[in-house]
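# dropping the sequence and predicted coords here.
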Amino acid sequence: MKKALIIDDERLARSELKKLLADHPEIVIVGEAVNAKDGLEKIETLHPDLLFLDIQMPDKTGFDMLAELEKAPQVIFTTAYDEHALKAFEYNALDYLLKPVEPKRLADAIQKLHQLEEKERQAEAGAIRTILSENDQVFVKDGDRCWFVKLQEIRLFESVGNYARVYFEGNKPLILKSLNALEERLDERTFFRANRKHIVNLRMIEKIDTYFNGGLLLEMRGGEKIEVSRRQAVKFKEMMSL
């Protein structure tokens, strides 16, 4: 079962989509939102697995809304305009449905969701077998330079587009690896996802200060200052408490 949230400012569009989704009992509609602000609030409280998201809405676009999320659910865009398709897939959209939504296209999109779930299950099973401990050494190569580094010596990973910058000692090489892929391989008892751009080594934190909007500011052993988002700050405090 997948929990879905419909975010669309058009009541009729939401109603039509709900009717079509009745043919897919594995998709459970947990709520509806009438604009992006409403959508953000309901994502926070309902924790949907899947968004059916309109793009053009009165307060802000669906893209603007996604940019405010630390970690977005799977997204199927539903829109009356086809000119946003390319941008939609830059946001890792599962699919892009034009209104009025055709039943066959909706079924195809949901099939993609099932296929993705299966891939994630397989990847997760593989990742469980290959979680790296802090004592493991990893090979790092950037251009002509190479290192063989113990993970416990790495204080920080920083996302740079499709690459990640690895901070250890006085070195900051770039590796072709996404932060999400790294997070799956790292031991969460040692490494923590502070925000969308950074994973920090918990043993390399020198100082913790409170920050704006309920966040935290970490000072790493190398002097780097890393913001912990409000959402992640809650998790961080729970992890670090007795």
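All right, it came through fine.
# which residue sits farthest out from the middle of this protein?
D144 (32.3 Å; Cα atoms, centre = their mean).
# if I look at it, how far off is K177?
From D144 over to K177 the distance is 19 Å, taken as Cβ to Cβ, to the nearest Å. Glycine gets a C-beta too; all of them are placed from N, C-alpha and C.
# before we move on, back to that, contacts only, for the residue farthest from the centre of the chain.
Under the criterion of Cβ atoms under 8 Å, 6 or more residues apart in numbering, the contact list for D144 is empty.
# same check, this time on D187
131-134, 151.
# with D95 instead?
Counted by Cβ under 8 Å, 6+ apart, D95 has contacts 76-77, 105, 108-109, 112.
# would you format these as CSV with secondary structure included?
Below are these laid out as CSV (DSSP: H, G, I helix; E, B strand; the rest coil):
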residue, secondary structure
I76, strand
F77, strand
R105, helix
D108, helix
A109, helix
K112, helix
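# check which helix or strand covers the residue nearest the centre of the chain.
Among the residues of the chain, the one closest to the centroid is K71, at 3.1 Å (Cα atoms, centre = their mean). Using DSSP states H and E, K71 is not contained in any helix or strand.
# got the contact list for it?
So K71 contacts nothing (Cβ under 8 Å, 6+ apart).
# and it, how far from R185?
Relative to R185, and taking Cβ to Cβ, K71 is found at 18 Å.
# pretty sure T78 sits in a helix.
No. Counting by three-state DSSP, T78 is not found in a helix; it is strand.
# tally of neighbours for it?
For T78, the count of nearby residues is 28 (other Cβ atoms under 10 Å).
# for the closest residue to it other than its chain neighbours, give its distance to R231.
Closest residue to T78 apart from its sequence neighbours, by Cβ to Cβ, 6 or more residues apart in numbering: L97 at 4.9 Å. Using Cβ to Cβ, L97 is found at 29 Å from R231.
# swap in A22?
33 Å.
# and the nearest residue in space to M204 that is not next to it in sequence, what does it touch?
Nearest non-adjacent residue to M204, counting by Cβ to Cβ, 6+ apart: R155, 3.6 Å away. Residues in contact with R155 (Cβ under 8 Å, 6+ apart) are 167-168, 200-201, 204, 220-222, 224.
# between those, which is nearest D64?
Nearest to D64 out of these is V200 (Cβ to Cβ; 28.0 Å).
# is the closest one in a helix, a strand, or coil?
Per three-state DSSP, V200 ends up strand.
# just give me the neighbour total for L5.
Considering only other Cβ under 10 Å, L5 is surrounded by 22 other residues.
# contacting residues for the nearest residue to it once chain neighbours are set aside?
What sits nearest to L5 in space, not counting adjacent residues and going by Cβ to Cβ, 6+ apart, is P48, at 3.9 Å. Residues in contact with P48, defined by Cβ under 8 Å, 6+ apart, are 3-5, 30-31, 42, 73.
# I'd like to know which of the residues you listed are buried.
4-5, 30-31, 42, 73 (16 or more other Cβ atoms under 10 Å).
# helix or strand for Q115, which one?
Since the elements are taken from DSSP H and E, Q115 ends up inside helix 103-129.
# okay, and the helix or strand of this structure with the least pLDDT?
Least confident helix or strand of the chain, by mean pLDDT, DSSP states H and E, is helix 85-90 with a mean of 71.
# now the element after whichever strand or helix holds L182, going C-ward?
Using DSSP H and E, L182 sits within helix 179-185. Later in the chain than helix 179-185, the nearest helix or strand by DSSP H and E is strand 191-193.
# show me what that following strand is packed up against.
Judged by 3 or more Cβ pairs under 8 Å, 6 or more residues apart in numbering; DSSP states H and E, strand 191-193 is in contact with helix 179-185, strand 198-201, helix 230-240.
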